[in-house]
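Chemist: turn this into a structure:
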Amino acid sequence: MDGVTVINHPLVQHKLTIMRKKETSTAGFRRLLREISTLLCYEVTRDLELTMETIETPMQTIQAPVLEGKKLVFASILRAGNGLLEGMLELVPSARVSHVGVYRDHETLEAVEYYFKAPESLSERLVIVVDPMLATGNSSIAAIDKLKERGATKLRFLCLLAAPEGIRNFQAAHPDVPIYTASIDSHLNEHGYIVPGLGDAGDRMYGTK
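Modeler: Alright, predicted model coming up:
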């Protein structure tokens, strides 16, 4: 699909398979999510712009590459997005963090916002929005709507799993935001869950129902 990057690295796919298994424990699921998020972070930041800086090594003075521009922002869609956030911050500890509290009404499947906190100067930063699942797309669309209202212009969306229906809805609302995912699954069931999927990521990560 145009605008969608499927991250098919063998380690990503291996870890995702273990996460899908219903017998994987809460602790195991949480650990794997942190590990896979680091691998996904490598891919979603692969083309960041660099500039040259003069530094001194123990041997000589050289021109060496460093990231250009203001620090990244990782925007976590609560609560499950925090599972991806933890591993990404291990890789980019200097990143700023935004939290977007959105939950899906189980009757209407519509997104309900309850919290928002973001750094200043979003217009000058690349914002990577994270949520394990792109199912109906309603929550991610609402989160990006809010971030754009606050000035974000350069955004990317990163998830573990995406459904074709969610991708279509997302791209209709935000065609300028590229999607990065580890898998495009088959479809949504009548309750709006991804099939074959891995269940509710938040519940599996925190041991709730």
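Chemist: okay, strands next: where are they in this structure?
Modeler: In the chain, strands defined by DSSP state E lie at 4-6, 50-56, 61-67, 73-78, 96-104, 111-117, 126-130, 133-134, 154-162, 179-184, 187-188, 194-195, listed in chain order.
Chemist: any stretches of the protein with poor pLDDT?
Modeler: 109 (pLDDT under 70).
Chemist: measure the residue most central in space within the chain to Thr38 for me?
Modeler: Among the residues of the chain, the smallest C-alpha distance to the mean C-alpha position (CA atoms, centre = their mean) belongs to Val130, namely 2.2 Å. For Val130, the distance to Thr38 (CB to CB, to the nearest Å) stands at 12 Å. C-beta coordinates here come from the backbone N, C-alpha and C atoms, glycine included.
Chemist: quick check: neighbours shared by the two?
Modeler: Taking CB atoms under 8 Å, 6 or more residues apart in numbering as the contact rule, the neighbours common to Val130 and Thr38 are Met88.
Chemist: which residues touch Thr153?
Modeler: In this structure, Thr153 makes contact with Leu122, Ser123, judged by CB under 8 Å, 6+ apart.
Chemist: please redo it, this time with the cut-off set to 6 Å
Modeler: By CB atoms under 6 Å, 6 or more residues apart in numbering, the contact list for Thr153 reads Ser123.
Chemist: circling back to that earlier point, quickly list what the residue nearest to the centre of the chain is bridged to.
Modeler: Assessed by DSSP bridges, Val130 has beta-bridge partners Ser76, Leu158.
Chemist: save the strands of the chain as CSV, and put in distance to Thr24 too.
Modeler: Rendered in CSV, the data for the strands of the chain read as follows (distance: least, CB to CB, whole Å):
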stretch, distance to Thr24
strand 4-6, 22
strand 50-56, 38
strand 61-67, 35
strand 73-78, 22
strand 96-104, 23
strand 111-117, 28
strand 126-130, 21
strand 133-134, 16
strand 154-162, 14
strand 179-184, 16
strand 187-188, 22
strand 194-195, 16
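Chemist: what's the single longest helix in the protein?
Modeler: Secondary structure of the chain per DSSP state H: the longest helix is helix 26-44.
Chemist: elements contacting that helix?
Modeler: Under the contact definition 3 or more CB pairs under 6 Å, 6 or more residues apart in numbering; DSSP states H and E, helix 26-44 sits against helix 10-20, helix 81-91, strand 154-162, helix 201-206.
Chemist: what's it in contact with?
Modeler: By CB under 6 Å, 6+ apart, helix 26-44 touches 7, 11-12, 15, 18-19, 83-84, 86-88, 91, 128, 156, 158, 180, 204-205, 207.
Chemist: can you select the buried ones from the residues you listed in PyMOL?
Modeler: Of those, the buried ones can be selected in PyMOL as follows, counting by 16 or more other CB atoms under 10 Å:
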select buried, resi 7+12+15+19+83+84+87+88+128+156+158+180+204+205
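Chemist: now the nearest residue to Glu110 once chain neighbours are set aside: how far from Thr45?
Modeler: On the basis of CB to CB, 6 or more residues apart in numbering, the spatially nearest residue to Glu110 that is not a chain neighbour turns out to be Asn138, at 5.8 Å. Shown here: Asn138 relative to Thr45, a distance of 27 Å by CB to CB.
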